[in-house]
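# Sharing a model prediction with you, sequence too.
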Protein chains: 2
Amino acid sequence: MSARDEWDVYFQQLQEPSKLQVQAEQVRRFVSEHAKAKRRIALVTSGGTAVPLESNTVRFVDNFSSGTRGAASAEYFLQEGYAVIFLHRARSLEPFSRHWAHQSLFSILELEAEASGKATAVVKSSVASDVSCQLQNFQKYCKSSVYLAVSFTTLADYLFYLREFSMVLSTAGPLALFYLAAAVSDFYLPEEEMPKHKIQSSGGPMQLHLQQVPKMLSPLVKDWASSAFTVSFKLETDERIIAEKARGALEKYKHQVVISNLLSTRRNKVTFVTLSDQVEISVSTESERELEDLIVSELSRRHNEFLHAASTS
Amino acid sequence: MSARDEWDVYFQQLQEPSKLQVQAEQVRRFVSEHAKAKRRIALVTSGGTAVPLESNTVRFVDNFSSGTRGAASAEYFLQEGYAVIFLHRARSLEPFSRHWAHQSLFSILELEAEASGKATAVVKSSVASDVSCQLQNFQKYCKSSVYLAVSFTTLADYLFYLREFSMVLSTAGPLALFYLAAAVSDFYLPEEEMPKHKIQSSGGPMQLHLQQVPKMLSPLVKDWASSAFTVSFKLETDERIIAEKARGALEKYKHQVVISNLLSTRRNKVTFVTLSDQVEISVSTESERELEDLIVSELSRRHNEFLHAASTS
């Protein structure tokens, strides 16, 4: 079965998200406006995907991901002048608010007594100036319509959005950049093998036979958005296999960059792997710049070269 | 193998949370103070447990639960005069802040221009009075030391905390109430069967053989805190089996109340099942009172009867 057929069969089994057409229409307007202005457009994916194990979902398999990489990178793409579509797991980190999102709301607020004797909740003085500054940044990008956020929860939602948005983005040609930082499940339970009701623990040990999710990079690079600049991520826990796996992915899918990282050192170090070079990018723990700042600068430079090559070829 | 032996074997395989002793010491002081004051103490558990599928965790099985029931109930237990230990999944809902926790921080704040021209982040005027009121409530209970929050992520963390805290709570005798609203996984992957590294998708479909988690209600009611008032929950998706399953649990573990609920109607209706009666509690969608308000009132009344019976027997 070709990769294309495999994907068609796979999508036919899944239920599309109810908001798919509404969201696609928003993305269409967004892409059309920015492509017309010759602005580069990044689709940043972020966070993990939930894979249901029951139709009436009580249990699911998830990928460990708070969305740190994606949220920080989206911020830097905006600073680099990109229009950004942020396709993220619901309730994972988002650009600008990410610095406080893991704290509970009430740890950021304090009560201030008013002259009337009434107490009012205000942002704690210790963080007030940072919060104000980031909220200003956030509102600035929202108002200038260069930021569009779409959220997903399940693997199926994510894949439907990705396919739809990719095809829309393909209309922007080489201006489009895909930054696929989401931690997407490699496995799923086909609908027809899914129990309708909650799996009963009285039935003894649970046997799960999960099927492989076809690799989306294949149709994305070949069919959905073949003239875009595409960056995928490879996260492993085993140092011995990572370089080989990154190069293997690049040779197989023929996209522009694989960014490989190890679970244990992913906050400080990544490796850019392309067909012509391999570059390590790292920050020390004392560095004032975030790793994502360096990653996005380097990608922006390479994307410009790619655009230049596309326009002269 | 007896239930007790089964639990000992199970715990020996798990790694205890690093903060276990520190948290247990906090709980010890909390329980001792309130038991001395003859105050009732509720241990409310809330949210789902994560079950790792790899030692270097990338993937895990989770239970769908935002912690709505637990967080709302903890609030009403405080209002009923209980001292509350809130054992909850990290980043799930918490009492008082729960009303806004699912919104992003920046959707609750707005910028206000100061005389100096600087913009400052303040709580949006549309929610300011509600937020202030709930923050006041929260701070009031925190200051009077009747609220203690402890968070967990994995199933193992949850079980270690539950065992330790139960044994501490048993010193409060019938003043202790267990409200076990957390969505605890019935299955886990034993450490020795866990791959060290990320499971490779190139290996084909994934076979998972999950073992059953021994039922914690058994040692809790028999050994850890046998004189407490214990309330467990039964969540099912199939209406046809729920009544029978609730009664079965009650007869097996011999605790005080099973609260049964269906996934589809759980926000509006629960059924109290005891050895002597079965009572349905429900709210209409227009009701001003929350379902958890009614549940906790009814439990408080029954817990008082239980205390009275214990003191006269």
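Happy to help now that I have it. Numbers count the residues shown, from 1 in each chain, chains lettered A, B, ... in the order given.
# got the end-to-end distance for stretch A:230-244?
One end of stretch A:230-244 to the other measures 19 Å (C-alpha to C-alpha, to the nearest Å).
# In chain A, where is pLDDT below threshold?
Counting by pLDDT under 70, chain A has low-confidence residues at A:1-4, A:57, A:196-203.
# Quick check: the closest residue to residue A:109 other than its chain neighbours vs residue B:129, distance?
Excluding its sequence neighbours, the residue lying closest to residue A:109 (C-beta to C-beta, 6 or more residues apart in numbering or on different chains) is residue A:121, at 4.7 Å. To be clear about C-beta, it is placed using only N, CA and C from the backbone, and glycine gets the same treatment. With distances taken as C-beta to C-beta, to the nearest Å, residue A:121 is found 9 Å from residue B:129.
# Between these two, which is the more surrounded one?
More crowded of residue A:121 and residue B:129, by other C-beta atoms under 10 Å in any protein chain shown: residue A:121, with 25 against 13.
# Bridge partners for the more buried one, pull those for me.
residue A:111 (DSSP bridges).
# Make sure it is actually in contact with residue A:108.
No: assessed by C-beta atoms under 8 Å, residue A:121 is found out of contact with residue A:108, at 9.8 Å.
# show me the contacts for the residue nearest to residue A:109.
A:109, A:110, A:111, A:112, B:123, B:128, B:131, B:132, B:135 (C-beta atoms under 8 Å, 6 or more residues apart in numbering or on different chains).
# Quick check: nearest residue in space to whatever residue of the stretch 1-150 of chain A ends up closest to chain B, chain neighbours excluded?
Across the stretch 1-150 of chain A, no residue is closer to chain B than residue A:56, which sits at 3.8 Å (C-beta to the nearest C-beta). Nearest residue to residue A:56, sequence neighbours excluded (C-beta to C-beta, 6+ apart): residue B:237, at 3.8 Å.
# Does that neighbour touch residue B:265 like I think?
No: in this structure residue B:237 lies outside contact range of residue B:265 using C-beta under 8 Å: 10.6 Å.
# How about the residues of the stretch 201-313 of chain A by chain B?
A:201, A:204-213, A:235-238, A:263-264 (C-beta under 8 Å from any C-beta of the partner chain).
# which among those end up buried?
A:206, A:208, A:210, A:211, A:212, A:213, A:235, A:236, A:237, A:263 (16 or more other C-beta atoms under 10 Å in any protein chain shown).
# so of these, which ones are in strands?
Among these, the ones falling in strands (DSSP state E) are A:206, A:208, A:210, A:211, A:212, A:235, A:236.
# For the stretch 201-313 of chain A, which segments count as strands?
Assigned by DSSP state E, counting those that start in this stretch, the strands in the stretch 201-313 of chain A fall at A:206-212, A:229-236, A:257-262, A:269-273, A:278-282.
# Any chance of TSV for those, columns distance to residue A:24?
Formatted as TSV, the strands of the stretch 201-313 of chain A follow (distance: least, C-beta to C-beta, whole Å):
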stretch	distance to residue A:24
strand A:206-212	27
strand A:229-236	20
strand A:257-262	26
strand A:269-273	31
strand A:278-282	34
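# which one's the longest helix in chain A?
helix A:291-312 (DSSP state H).
# Only alpha carbons, please: show that one as PDB.
This file holds the C-alpha atoms of helix A:291-312, laid out as PDB (Å, rounded to 0.1, in the frame of the first residue of the first chain):
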ATOM      1  CA  LEU A 291      17.500  27.700  23.400                       C
ATOM      2  CA  GLU A 292      14.400  28.300  21.400                       C
ATOM      3  CA  ASP A 293      15.600  31.900  20.600                       C
ATOM      4  CA  LEU A 294      18.800  30.400  19.000                       C
ATOM      5  CA  ILE A 295      16.800  27.600  17.200                       C
ATOM      6  CA  VAL A 296      14.400  30.100  15.600                       C
ATOM      7  CA  SER A 297      17.100  32.600  14.600                       C
ATOM      8  CA  GLU A 298      19.000  29.800  12.800                       C
ATOM      9  CA  LEU A 299      15.800  28.500  11.200                       C
ATOM     10  CA  SER A 300      14.800  32.000  10.000                       C
ATOM     11  CA  ARG A 301      18.200  32.400   8.400                       C
ATOM     12  CA  ARG A 302      17.900  29.000   6.600                       C
ATOM     13  CA  HIS A 303      14.300  29.700   5.600                       C
ATOM     14  CA  ASN A 304      15.400  33.000   4.000                       C
ATOM     15  CA  GLU A 305      18.100  31.100   2.000                       C
ATOM     16  CA  PHE A 306      15.500  28.600   1.000                       C
ATOM     17  CA  LEU A 307      13.200  31.400  -0.200                       C
ATOM     18  CA  HIS A 308      16.000  33.000  -2.100                       C
ATOM     19  CA  ALA A 309      16.900  29.700  -3.800                       C
ATOM     20  CA  ALA A 310      13.200  29.200  -4.700                       C
ATOM     21  CA  SER A 311      12.800  32.600  -6.200                       C
ATOM     22  CA  THR A 312      16.000  32.300  -8.400                       C
END
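# and residue A:146, what is it in contact with?
If you count contacts by C-beta under 8 Å, 6+ apart, then residue A:146 has A:34, A:39, A:78, A:82, A:83, A:84 around it.
# one step back: ok, so of the buried ones among the residues of the stretch 201-313 of chain A next to chain B, who is nearest residue B:310?
Closest approach between these and residue B:310, by C-beta to C-beta: residue A:206, at 39.7 Å.
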